[in-house]
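Visitor: got a structure for you, letters missing:
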Ligand SMILES: NC(=O)c1ccc[n+]([C@@H]2O[C@H](COP(=O)([O-])OP(=O)(O)OC[C@H]3O[C@@H](n4cnc5c(N)ncnc54)[C@H](O)[C@@H]3O)[C@@H](O)[C@H]2O)c1
């Protein structure tokens, strides 16, 4: 049984506590939050878990094997580093850290101590995203042409991070998992409509080797909520609509074929294919339940998580490049290709 300590019981923390409490090989030993009123909720719901307002109590508790961090991003690094240095495995919320330097430091510390470091890229553990990866991986879609994602709603304006660091993290983690190719450059534009606050609308383009391109549109100032991703290949196209209750993934047998003209070798004829659409069956388990079980299994088996520190680092590097590009009205910023895939 793996003893879990959770730091941060605000909006997202309760979901993590609930899923670890329900995980058969884990037991929630302690929950920490700076706000007493949040801890009173924990005491009522989980009488077996101890509570504290001091984060160090969590990693100093011998009953705690692993620390889960669900505080705002600015605290992720210090808390995760201290927990690793105390010999605890760590699951940290997305984005893993505020800088790639910090992410690298956590990766080093975890490796040195043979501890599991995982980031909560929740969507990677959904049936829908796993299906998208399977379709891409098995060649069902053909050569991938583009990844295009829209994540917009009338959202909570964050004061410490811009909309890309809040919303696009999800798209970038899905993109990384599905495409399994590293972008070579990033261009981003965005604007803040509230003075003194970070950008609330942003467009981010990722360039890859070859003819693959990806785009993410993130916005907290939209009248409607959209959570839609297109993944287009030479053979089939996929639409992932997370707001659909049941048929979240639809595969379209649509596309084009390019044929040389019989009359003129320099002229190409574009043929259009409009075939069937189908919605494949996808697993419906709650992503966080799958993820909690995976974290516990990685600790037990000394295995590397699917969303390990490197996965967290990739996303932070893309976000850093986007932030730089946004400051110069979208000039592409190249990504150092030395980082391992
Ligand atoms: N994976 C997802 O889908 C998802 C969804 C929402 C939020 N998140 C992530 O979860 C994290 C928390 O977001 P939230 O929306 O729950 O924020 P929140 O502000 O609602 O909650 C954070 C909680 O952490 C507590 N806290 C802050 N600093 C602390 C410290 N040093 N020690 C102990 N407690 C501390 C606060 O009192 C608060 O209760 C963020 O990293 C966010 O990006 C992830």
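Guide: Arrived safely, thanks for sending. This is a predicted model, so every value here is computed, not measured.
Visitor: which SS state does residue 41 fall under?
Guide: The local conformation at residue 41, judged by DSSP: H, G, I helix; E, B strand; the rest coil, is helix.
Visitor: show me what from the protein comes close to the ligand.
Guide: Selection of the chain residues close to the ligand by CB under 6 Å from any ligand atom yields 7-13, 32-35, 38, 55, 70-73, 75, 93-94, 120, 122. Using the backbone N, CA and C atoms, a C-beta is placed for each residue, glycine as well.
Visitor: tell me the contacts of the residue of the stretch 101-250 of the chain at minimum distance from the ligand?
Guide: Here the stretch 101-250 of the chain gets closest to the ligand at one residue, residue 122, 4.0 Å apart by CB to the nearest ligand atom. Neighbouring residues of residue 122 by CB atoms under 8 Å, 6 or more residues apart in numbering: 94, 170, 287-288, 291.
Visitor: out of the residues you listed, which is most surrounded?
Guide: Tallying neighbours with other CB atoms under 10 Å puts residue 291 at the head of the contacts of residue 122, with 25 neighbours.
Visitor: who are the packing partners of the strand or helix carrying it?
Guide: Taking DSSP states H and E as the definition, residue 291 sits inside helix 287-301. Contact here means 3 or more CB pairs under 8 Å, 6 or more residues apart in numbering; DSSP states H and E; on that basis helix 287-301 packs against strand 2-7, helix 13-22, strand 66-69, strand 89-93, strand 117-120.
Visitor: can you give me the mean pLDDT across it?
Guide: Helix 287-301 shows a mean pLDDT of 98.
Visitor: tell me the buried residues in whichever helix or strand comes after that helix?
Guide: Downstream of helix 287-301, the next assigned helix or strand under DSSP H and E is helix 309-327. Within helix 309-327, the residues that count as buried by 16 or more other CB atoms under 10 Å are 309-323, 325-326.
Visitor: stretch 50-61 too?
Guide: Residues 50-52, 55, 57-59, 61 are the ones in stretch 50-61 that count as buried (16+ other CB under 10 Å).
Visitor: what do you get for stretch 213-223?
Guide: Buried-residue list, stretch 213-223, by 16+ other CB under 10 Å: 214-220, 222.
Visitor: next: stretch 2-21.
Guide: In stretch 2-21, counting by 16+ other CB under 10 Å, buried: 2-9, 12-21.
Visitor: in terms of helices and strands, where is the residue of the chain at minimum distance from the ligand?
Guide: As assessed by CB to the nearest ligand atom, the ligand sits closest to residue 10 within the chain, at 1.8 Å. Assigned by DSSP H and E, residue 10 belongs to no helix or strand.
Visitor: what pLDDT does it get?
Guide: Reported pLDDT for residue 10: 97.
Visitor: list the contacts of it.
Guide: Taking CB under 8 Å, 6+ apart as the criterion, residue 10 is in contact with 33, 35, 38, 70-71.
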